[in-house]
Structure formats: structure tokens, C-alpha cells
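J.: coords please:
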Amino acid sequence: MAPRTRRALLGSTAAALGCLAGCGSLGDAIDGAEPTVDGAVLNEVASGETPTVRDVVPVGIEPDYVADQVARAESVLASVPEPLDVDDVSDDTVREHTIDERAHARRHLDEVAAAPPTASTLETVAHARGWARAAATTWAAVEGRVTDDALFEERLAVREDLRAFRDRWAYVGDDPAAAVVLHAVIEDRLDEGSSLFAPDAPVDTLWFGEYGGDIERARAAVDHATYLYDEFVAALDRRRSLRDAFVGAADALARTARDRQQSLPAAPDDPSSYLDGAAVDAPAGAALEGLGQHAGYVPDGDPDRHAGYVTSLHWSLTRVSAFHSLRQRVAAGEYTTVSDGDDVRRLRQDAVSAVESAAAASGYHLTRRVLRYSVEELAHADEELSEWDADDAVEVDVLERPLGGYVRIRELARAAAGASATVADALRSA
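T.: As a prediction, this is how the structure comes out:
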């Protein structure tokens, strides 16, 4: 079949007129002068191995705890009839909404069952609990078994639990470079729990399901923050306050990040302003554009999130380091211009190898945090490649985003350990 190209996707008339950026002549469009890759090859590359990264938090997540969380979600979900048909719920919108909520819960539970217990698993099971409760509360509203007053009371109970946890939670630990990640995760969970606001009065049946789901997600966030903190504290050989270390390190790291920001080009997200020739349109150019969009960002501090501020600065230092490193290699001619499937395969394998090497070499939980993100980004890039049909002939310029993503993943993985060492030194000397 004809090549699937950016020109084809944007319209044959524009292509014929040669008016798209980067297009050649009409003859080029007809002759297929642009390099293409078979969709079957893209699918094969996208199905490759996925690197594994140890858990981000310095806490062992007990399988029994995850099993209890799953059991809670399953118990709630069991209250909803399956299948749910028109005799159960006559309103098509409510019925389909409830079916979708149940499907979302089931999908998240399947993800939990397929993965080892980690902090990410707790996030997934929290989503499962939320969707399960949404479906169950919608069904309860259909049957007239739930009131808005009951949900308001439950909301107040969740907020009281959150307040009680905040009262006893403190920035403690022994190794600040590990503890800062744990406390940043707890801050994230508490932010989720705190986002449960009092809604307006009920509007319809769906209101009950949505608010019931919100309450359950907030309760799960508080549950998981409590679990992580208690497990962490129980395993400490020596417990000391790290608040001053987090604050002092953040001040020093913010100065370092701003200093490094000064060495960036005037427009880091515009590779054409500092690259020449084929490098601009190569995957490395797309990677520099992506890295450059945030390379100069230095976050502001938050008095309620000292640990999260340190980890945000770690991200800033990792990105700017990755940007400089890649820019230097590209300037030296060390980049890939994709012409066939082997080049695509090589770009992905380089990304996988970089993540695996960093995961094996680094003992920093900070590095694992970056690598976890890199694995997620790899999955997104793979998903984009796998969308093509096997018999498609895909022009490489259409693949700019996923291929640039592979390069960006590789560079972030290579830069993460050095940034982690900088942050760890600042924490330990603060």
C-alpha cells in the first residue's frame, strides 16, 4: 500500500502543492524519496524487552498489604451486578457510565496482579479502589441506598484521618538521600488526600458515583501515606530529624540549578538556533527540543513540600545535564539519522541499555525515580510505534516523537546518577 506519511495525514492536496514544511518536490512525494520503515518492523521493535527498575521508595511493600487493598476493591466492586443490563438500570447514560467505571477498576486490578508490589503498585490499587467505589456508589444511588449526607460525613472522616497523620508525620530518617524520596512520595499522597473538596448539592445519579470515587481515592492516599511512613520508621536504625537538611540542601541546589541554567542557549527548545544540517531533523534534534522545553526550569520552593522541592531540583539538574551532554555529542557528529528499521531498533535498544545500566549501577533512590519515569516514557513511545499496521510503509519523519523519545530516555538515564550524587552530597553536607 502507499506510504503512510505526514503529507498523507495532513492532506493530499497540500502535499501535491509542495507546501508542507520539510517536503520535497511533487516527484519526491510520488517516488517515495523519504526513507520508510515497514509497520511490521515498528511493531516488532515496540514489542521488545522492557527494563526493570527496583522500587523508588526505601520501603519493602508487603504483598499481604497489597492483597488487602485488592480485597477491599474487589469487595466494593462485588456489590455491582454483572452484567448490568437495562432491567437493572434503565437510563442508558447511567448504565454505560457504571459499566465503564467497573471496567476501569478491573483494568487497574489486573495491572496490580501482573506487577511486583512497589510504591507504583499502591498508586494503581488506589485508582482501582476509586473506580470500584464510583461504580458501587452509582449503583447504590440507583437503588436509593445512599444519601449526600452520608457521603459528606465520610468526607469529614477522611479529612480527620489525614489531619491526624499530618500531626505525627515528620521529616525523619537516617540517610537523607533515601529519606527525601520517601517523604516526597508521602507529600504526593497527602496532596491527593487534601484535594477532596466539599462539592455542591447532588445534581443527578452520576454525582453520587463521582463523589464516592473521590472519597475512596482520598482515603486510599491517606492509607498508603500512613503505611509507607510507619514501615519506614519501624525499619530505621537511627531516627533523626532531616528537616534542616532538606531546607539547606534545597537552597544550595537551587543556586546550582540557576548557575547551570545560565549556560543554556538562548532558545534551548529550538534546536535550529544552535544546530546545523541534518541534526535538526534527526531524533537527537527532537530529543533536544523536548529536553530544552524544561532544561532551564528551576522550581520555586514550597513551605509544605520540602522533600518534593529537593526531588524537583533533582529533576532540573538531571534535565539540564542531559541537555548539555546530548548537545555536545550532536555537535561532534555523534547522532543517528534514521534510514531504516535497524536504526529504529538501535535507538530503542540504546534507551533500554542506558536504563538498565543506570539501574544496575546506582544505589540512589533518586536515580530510580528518574528511571521509573523513563520506563513509563518508553512504554508511551512503544505504544506510538505499535499503532501502525504491519503492511504500512511509514516515512521516518512521522516517527519524530517516539524516536526522539528514545533518545531523550537514553540521555536522562545517563545523566540521572550524576545529578543524584550532586543532590546526595548537598543533603549529607547540609
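
J.: my read is residue 34 is in a strand, agree?
T.: No - judged by DSSP: H, G, I helix; E, B strand; the rest coil, residue 34 forms no part of a strand; its state is coil.

J.: Can you report how many residues lie near it?
T.: Around residue 34 there are 20 other residues, counting by other Cβ atoms under 10 Å. Backbone N, C-alpha and C define where each C-beta goes, glycine included.

J.: Thought residue 396 was touching it, still the case?
T.: Yes - taking contacts as Cβ atoms under 8 Å, residue 34 lies within contact range of residue 396: 6.8 Å.

J.: how distant is stretch 309-319 from the center of its chain?
T.: 15 Å (Cα atoms, centre = their mean, to the nearest Å).

J.: swap in stretch 217-235?
T.: Its chain's C-alpha centre and that of stretch 217-235 lie 21 Å apart, by Cα atoms, centre = their mean.

J.: do stretch 83-91 as well
T.: In terms of Cα atoms, centre = their mean, the centre of stretch 83-91 is set 36 Å apart from its chain centre.

J.: Quick one: end-to-end distance for that stretch.
T.: With Cα to Cα, to the nearest Å as the measure, stretch 83-91 spans 15 Å from end to end.

J.: for it, what is the average pLDDT?
T.: Taken as a whole, stretch 83-91 has a mean pLDDT of 93.

J.: what about residue 417, distance to residue 159?
T.: Separation of residue 417 from residue 159 (Cβ to Cβ, to the nearest Å): 40 Å.

J.: If you count surrounding residues, which of those two has more?
T.: With neighbours defined as other Cβ under 10 Å, residue 417 and residue 159 compare such that residue 417 has more, 22 against 16.

J.: and the more buried one, what is it in contact with?
T.: With contacts defined as Cβ atoms under 8 Å, 6 or more residues apart in numbering, the neighbours of residue 417 are 358, 361, 362, 364, 367.

J.: Out of the residues you listed, which end up buried?
T.: Buried residues within the contacts of residue 417, counting neighbours by 16 or more other Cβ atoms under 10 Å: 358, 362, 364, 367.

J.: The closest residue to the third one other than its chain neighbours in helix, strand or coil?
T.: Closest residue to residue 364 apart from its sequence neighbours, by Cβ to Cβ, 6 or more residues apart in numbering: residue 420 at 3.9 Å. Remark: residue 420 carries the secondary structure label helix [criterion: three-state DSSP].

J.: and the buried ones among the contacts of residue 417 as a markdown table, adding secondary structure and distance to residue 170?
T.: Formatted as a markdown table, the buried ones among the contacts of residue 417 follow (DSSP: H, G, I helix; E, B strand; the rest coil; distance: Cβ to Cβ, whole Å):
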| residue | secondary structure | distance to residue 170 |
| --- | --- | --- |
| 358 | helix | 31 |
| 362 | coil | 27 |
| 364 | coil | 23 |
| 367 | helix | 25 |
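
J.: Need the worst-confidence member of those residues.
T.: Ranking the buried ones among the contacts of residue 417 by pLDDT, residue 362 lands last with 74.
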